[in-house]
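1. for reference, the sequence and a predicted model appear below.
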Amino acid sequence: MGIHPTAIVDPAARIAETAEIGPYSIVGAEVEIGPGTRLLAHVYVEGPTWIGEDNLFFPYATVGVASQDLKYKGERAETRIGHRNRIREFVTIHRGTQGGGLVTSIGDDNLLMAYVHVAHDARIGNHTVLANGVTIGGHVEVGDWAVIGAFTGVHQFCRVGRHAMIGGYSVITQDVAPYSTTVSPRESRIYGANKTGLERRGFPSETIDRLHKAFRLLTHSKLNTSQAIARIREEIPPTPEVEELIEFITASERGVIK
């Protein structure tokens, strides 16, 4: 295995033979790093942390350290990172807490750009892009294929639905609907379906059109949310995506941005 002479690796760490630990990196006890994963330089990983295969960590990333939550009392909690993620410079990922299930998790094929912060007990799905300076609060859930623009802050306990796109510099204090484009210049607003992103991922035009009609009923019909959902059920032929949108809204505890 490629461990640079200046790296410090705890004997209790489990490092795959094809993993690489770069100069001045520190890997603590109870850290497991899978095949093909590379820590380029000055990366700090504290356990318990499990990291899968073929991930790439850029310099000064920090993974698995204790939560900033004042309720955290040192209970044993972990961090889990899947496969083929790119974790850029100065990213910080904090482990879980008792109040959130004791796990912070990141799935597969994600890009976390420089200075992203992932707080305790957050759950990031697969194929997401978190642009520079994005701050993910504690207990936040980010669905698959979501894209969050630069310097956006997502309030703790919020959910970001699948295939959603959030514009840069947004302040997200409520759930973000799946398949939507949401931008927050001063207050968050939903601007309709994430048409470009859905087209790129091969969604049929009929599905996108139905989602667009559903969002227009939610945002431009002057109906309250319950009335708009009733109209969606009446007027739009059901698809799995429209049903997912309705389920997401009805399950929301913080309300959904409109």
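-> On my side now, so go ahead.
2. can you list the domains in the protein?
-> The chain is divided into the following domains under automatic domain parsing: 2-139, 198-250.
3. JSON lines for those domains, including distance to residue 145 and mean pLDDT?
-> (C-beta placed from N, C-alpha, C; glycine too.) Output for the domains of the chain, formatted as JSON lines (distance: least, C-beta to C-beta, whole Å; pLDDT from 0 to 100):
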{"stretch": "domain 2-139", "distance to residue 145": "5", "mean pLDDT": "96"}
{"stretch": "domain 198-250", "distance to residue 145": "7", "mean pLDDT": "90"}
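4. just these: most buried one?
-> Most buried of the domains of the chain, by mean neighbour count (mean count of other C-beta atoms under 10 Å): domain 2-139, with a mean of 20.
5. dump the residue contacts of residue 211.
-> 179, 193, 198, 241, 242, 245 (C-beta atoms under 8 Å, 6 or more residues apart in numbering).
6. and for the first one, the neighbour number?
-> Same thing as residue 179. 29 (other C-beta atoms under 10 Å).
7. which residues touch it?
-> Counted by C-beta under 8 Å, 6+ apart, residue 179 has contacts 161, 162, 163, 164, 193, 194, 198, 211, 241, 244, 245.
8. ok, residue 90 - contacts?
-> Contacts of residue 90 by C-beta under 8 Å, 6+ apart are 60, 61, 62, 114, 115.
9. from those residues, which two are the most distant?
-> Farthest apart among these by C-beta to C-beta are 62 and 114. That separation is 12.7 Å.
10. okay, how far is it across stretch 154-173, tip to tip?
-> One end of stretch 154-173 to the other measures 6 Å (C-alpha to C-alpha, to the nearest Å).
11. again with stretch 159-172
-> Across stretch 159-172, first to last residue, C-alpha to C-alpha, it's 10 Å.
12. buried stuff in it?
-> Residues 159, 160, 161, 162, 163, 164, 165, 166, 167, 170, 172 are the ones in stretch 159-172 that count as buried (16 or more other C-beta atoms under 10 Å).
13. dump the residues you listed into JSON lines; add secondary structure as well.
-> JSON lines is the format used below for those (DSSP: H, G, I helix; E, B strand; the rest coil):
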{"residue": "159", "secondary structure": "strand"}
{"residue": "160", "secondary structure": "strand"}
{"residue": "161", "secondary structure": "coil"}
{"residue": "162", "secondary structure": "coil"}
{"residue": "163", "secondary structure": "coil"}
{"residue": "164", "secondary structure": "coil"}
{"residue": "165", "secondary structure": "strand"}
{"residue": "166", "secondary structure": "strand"}
{"residue": "167", "secondary structure": "coil"}
{"residue": "170", "secondary structure": "coil"}
{"residue": "172", "secondary structure": "strand"}
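14. what is the nearest of those to residue 43?
-> Distances from residue 43 to the buried residues of stretch 159-172, taken by C-beta to C-beta, are shortest for residue 160, at 26.6 Å.
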